[in-house]
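A.B. asks: kindly generate the corresponding structure for this input.
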Amino acid sequence: MSLYIKAQRVRYNLTLPLLSRSSPQPARRQPLFVIGSGRSGNTLLRRVLLASSQIHIPPETYVLGPLIEGWPRMALLPWKQRVWLFCAHFEKHNHFPTFCLDNLNDFARAAEQLQPQTLKALIDAFYMHLARTEGSAASRWGDKTPWNTYHLPALGAMFPQARYVWLTRDGRDVALSYVKAGLYDSLDEAAARWGDANRACHQFERWCPHMYRLRYEDLVTTPHESFAALFDWADLEFDAEMLERQPEAMGDVEQESHHAQVRQKISARSVGNWRDQLDPSRLSALPRGFKTQLQVLGYGD
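C.D. replies: Below is the predicted model of the structure:
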């Protein structure tokens, strides 16, 4: 068992009571987080959600989880300093250019007057600011950052009534996709990332009251049925035209080559590619934990 998973167990035990005391809230008022391993259809899901115009999901933020976890260390600072440090977390990350913004100065100046002066209110205001700068009139926001999967206890404690969509995909296809996209150098590293991410989601599922598990394979083979069911669960209106409609700009999709296929017509062309492209001996050499996780998620063939 990795040290990361052991740490996750401790964090879950600490944050569980926070969720159990939360009263139910309508889904349409809650943010929506897409979680799970990368290369699992996360950006495709974001594309269709954006096409609905009912929810705004910006490019991957990367720093939200660590920011929430580190926020208590800034408790003694004046609110103005905390606001500008909040913005600096996003601005100084090397993926900030995908937001197509020069800086967050306008947001920071406005947020100095925010009431209540809480991190949750600041996060809500930040995501709605991103929506308005993109020209979106959506009243609901979401986040599609696979890295958040490593910070689920913090997210769950901050947003106990948020909706969480866990995307799963055959780990063999995911590992292959990671390597082909140049995001990992080795199949072993990619397989470990997939396994850690899905184990974290599995732990989170045990106590998260609003989790929806969705298989990538279903998403691309039966898109109409899969998206319609997801939208219903998330309290969003579904229209089949959303499957074809393209948002004008998505930021990271235009700037990062590993998102190149996101705008293509939804199809099952990437399902089961590992069967022809990965040597059986190479697959058999992957860690036992990877094979176990495949079986847990129903990919044991």
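A.B. asks: what ranges of this structure fall below the confidence cut-off?
C.D. replies: In the predicted model, the chain carries pLDDT under 70 at residues 1-24.
A.B. asks: does residue 42 touch residue 33 like I think?
C.D. replies: No: with contacts defined as Cβ atoms under 8 Å, residue 42 does not count as touching residue 33, sitting 10.6 Å away. Heads up, the C-betas are built off the backbone N, CA and C, glycines and all.
A.B. asks: distance of residue 154 from residue 60?
C.D. replies: Distance, residue 154 to residue 60, by Cβ to Cβ, to the nearest Å: 17 Å.
A.B. asks: quick one: the helices in the stretch 1-150 of the chain?
C.D. replies: Along the stretch 1-150 of the chain, counting by DSSP state H, counting those that start in this stretch, helices occupy 3-20, 42-51, 64-70, 79-91, 105-111, 119-133.
A.B. asks: for residue 81, what are its contacts?
C.D. replies: Shown here is residue 81, whose contacts under the criterion Cβ atoms under 8 Å, 6 or more residues apart in numbering are residue 74.
A.B. asks: quick check: it vs residue 88, distance?
C.D. replies: If you measure residue 81 against residue 88 using Cβ to Cβ, the figure is 10 Å.
A.B. asks: next: residue 237.
C.D. replies: When distance is defined by Cβ to Cβ, residue 237 is 37 Å away from residue 88.
A.B. asks: sorry, back to before: nearest to residue 233, of the helices of the stretch 1-150 of the chain?
C.D. replies: With Cβ to Cβ, the closest approach to residue 233 among those belongs to helix 42-51: 12.7 Å.
A.B. asks: who's in contact with that closest one?
C.D. replies: The set of residues external to helix 42-51 that reach it, using Cβ under 8 Å, 6+ apart, is 32, 34, 36, 55-57, 142, 144, 146, 165, 167, 214, 219-220, 227, 236, 242-243, 245-247, 250, 252-253, 259, 262-263, 266.
A.B. asks: out of everything not next to it in sequence, what's closest to residue 35?
C.D. replies: By the measure of Cβ to Cβ, 6 or more residues apart in numbering, the closest residue to residue 35 outside its immediate chain neighbours is residue 149, 4.9 Å from it.
A.B. asks: just checking, the one you found touches residue 199?
C.D. replies: No: under the criterion of Cβ under 8 Å, residue 149 makes no contact with residue 199, lying 9.6 Å away.
A.B. asks: the more surrounded of those two?
C.D. replies: Between residue 149 and residue 199, counted using other Cβ atoms under 10 Å, the more crowded position is residue 149 (24 against 20).
A.B. asks: check contacts around the more buried one.
C.D. replies: Residue 149 is in contact with 35, 36, 37, 197, 200, 201, counting by Cβ under 8 Å, 6+ apart.
A.B. asks: try 10 Å this time
C.D. replies: 33-38, 65, 155, 166, 193, 196-201, 204 (Cβ atoms under 10 Å, 6 or more residues apart in numbering).
A.B. asks: same check, this time on residue 269
C.D. replies: Taking Cβ under 10 Å, 6+ apart as the contact definition, residue 269 lies against 220, 261.
A.B. asks: helix, strand or coil for it?
C.D. replies: Three-state call for residue 269 (DSSP: H, G, I helix; E, B strand; the rest coil): coil.
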